[in-house]
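A.B. asks: the following comprises the amino acid sequence and a computationally predicted model.
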Amino acid sequence: MYGASTSNQRIESWWSIFRKQRSQFWIDFFGDLREKHLFNGCQEHMSLVRYCFLDLLQKELDDYRRLWNTHTIRPVRQSRCPSCKPEAMYHVPQRFHGRNCGFLTSSQMLDHLHSLLPPLATPRDELQPVFDEMQQQRGLTTPLQWECAVENYIILKDLAGL
């Protein structure tokens, strides 16, 4: 089947806006790190990028999620889609002629499902104490802005001999 999808316009528009407003900056930024030979893709560089930037990236995602979940979806004529805030529609679906599709499960079932997953072994876990120690020795603070994260990244990269 080919052609335009008219039923996904809202979410496709949201992803387009998200890319323009948020993610394109980070795509370009990490591309620039590579072009300037400050990042080569090795595990140690990946670990350091995660160490320096992951909290900032997560904060941006959380902020954007909050923005999305609290914006008002406009009513559309001749549409059966509800209009309201996504957060309200999720938590009180019956108010919008929806239903809660969640279900309760036991902690034993959750433990069993968790046991089926492969272990999460990331290089960040192995190198984080090393980066923590270097950050503390240099008196670096946890960055709240991307500019500070870049400074920390370059300093820690040099200290680690990466």
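C.D. replies: On my side now, so go ahead.
A.B. asks: quick check: buried residues in whichever strand or helix holds residue 69?
C.D. replies: Element membership for residue 69 (DSSP states H and E) is helix 43-70. Neighbour counts using 16 or more other Cβ atoms under 10 Å place 44-53, 56-57, 60, 64 of helix 43-70 among the buried residues. Glycine gets a C-beta too; all of them are placed from N, C-alpha and C.
A.B. asks: okay, the closest residue to residue 40 other than its chain neighbours: pLDDT?
C.D. replies: Using Cβ to Cβ, 6 or more residues apart in numbering and skipping the chain neighbours, the partner closest in space to residue 40 is residue 34 (7.4 Å). Among the per-residue scores, residue 34 shows a pLDDT of 94.
A.B. asks: so where is the chain shaky, pLDDT-wise?
C.D. replies: 1-8, 10, 120-125 (pLDDT under 70).
A.B. asks: the helices in this protein, which residues?
C.D. replies: 9-18, 24-35, 43-70, 86-91, 107-116, 123-138, 146-160 (DSSP state H).
A.B. asks: closest to residue 98 out of those helices?
C.D. replies: Among the helices of the chain, the nearest to residue 98 by Cβ to Cβ is helix 86-91 (6.6 Å).
A.B. asks: need the residues that contact that closest one.
C.D. replies: For helix 86-91, the surrounding residues in contact (Cβ atoms under 8 Å, 6 or more residues apart in numbering) are 68-71, 73, 82, 95-96, 98.
A.B. asks: what about the nearest residue to residue 30 once chain neighbours are set aside, distance to residue 112?
C.D. replies: Counting by Cβ to Cβ, 6+ apart, residue 39 is the residue found nearest to residue 30 once chain neighbours are left out, at 6.9 Å. According to Cβ to Cβ, to the nearest Å, residue 39 and residue 112 sit 39 Å apart.
A.B. asks: tell me the contacts of residue 81?
C.D. replies: Residue 81 sits in contact with residue 73, where contact means Cβ under 8 Å, 6+ apart.
A.B. asks: just read off the phi/psi values of it.
C.D. replies: Per-residue torsions, residue 81: phi -70, psi 140 (degrees, to the nearest 10).
A.B. asks: so which residue of the chain lies furthest out from the middle?
C.D. replies: residue 78 (34.9 Å; Cα atoms, centre = their mean).
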